[in-house]
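**Q** Build me a model from this:
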Amino acid sequence: MAAVLTQKQAYFSPELFHFLIELRYNNRREWFQANKPRYEALVRQPFLRFIADFAPHLEKISPDYLAGPQSLFRIQRDTRFSANKAPYKTHAAAQFRHRRGRDVHMPGFYIHLEPDNCFLGAGIWMPEPENLRRIRAAIARQDPRWLRLRGRLELDGEGKLTRPPRGYRADHPLIEDLKQRSFTVSYPLAEEVVTSDALLPAVEKVFLELLPLNQFLSEVLLLPQEEEP
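**A** I've put the predicted structure just below:
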């Protein structure tokens, strides 16, 4: 009788992290091509299986966010404008972005798998200028939705300005939030969870907790949202 796959099985093995560590020290096309079957077996295919199984759970969290093969980021780096010419990323990641999002600069959920640095996240990374203006304007008027969020979430602070953005006073009560250039929140994820059958429910739990951040951003950016059943 053929074995029946169940949700109780782990998607990733510890070999995922072994492969990524090796890639860190052998970040060359020749090495990667020789080890591409390992990448497929240990990283890409397990991640695609996870995404496929997680899709109906994400639908329940919010139908505004999509999970599919397009959610998985390519392992290849874009080196055109970077001094670092290493051809491959040394982590695996996926973003479940808003259905109206064209790229990573829109609200979404994120999962990042890297040796000693696994985490889950939500929010918007480096929004385009007009979207950044809209978000800052909502924060500046002390939108009650933002105040409720800030009472329980700590922003990552990536790319934060050292001085107030143009048009805002240094003594604004939310000036530290206004200095943000990204509005994301991250939760650490233990490698033991990544390689266990607890991964999917752990991701679902955290994304549900972070959903209000994405809802706020979507409302500020005037993105359409599905009505709750």
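**Q** Tell me where this structure is predicted with low confidence.
**A** 1-8, 104, 224-229 (pLDDT under 70).
**Q** now the helices for it?
**A** 15-25, 29-34, 36-39, 45-61, 129-140, 144-150, 175-178, 191-194, 199-220 (DSSP state H).
**Q** any idea how far the second one is from the chain center?
**A** Put plainly, it is helix 29-34. 27 Å (Cα atoms, centre = their mean, to the nearest Å).
**Q** So which residues make contact with that helix?
**A** Contacts to helix 29-34, defined as Cβ atoms under 8 Å, 6 or more residues apart in numbering, come from residues L23, N26, Y39, P87, Y88. All C-beta atoms are positioned from the backbone trio N, CA, C, and that covers glycine.
**Q** What about F50, how many residues nearby?
**A** Counted with other Cβ atoms under 10 Å, residues neighbouring F50 total 23.
**Q** Contacts only, for it.
**A** With the criterion set at Cβ under 8 Å, 6+ apart, F50 makes contact with Y11, F12, L199, L200.
**Q** Find the nearest non-adjacent residue to the residue sitting nearest the centre point of the chain, please.
**A** Central residue of the chain (Cα atoms, centre = their mean): Y110, 1.8 Å from the mean position. Of all residues not flanking Y110 in the chain, G121 sits nearest, at 4.1 Å (Cβ to Cβ, 6 or more residues apart in numbering).
**Q** Could you do F109 as well?
**A** F96 (4.4 Å).
**Q** Many thanks, have a good one.
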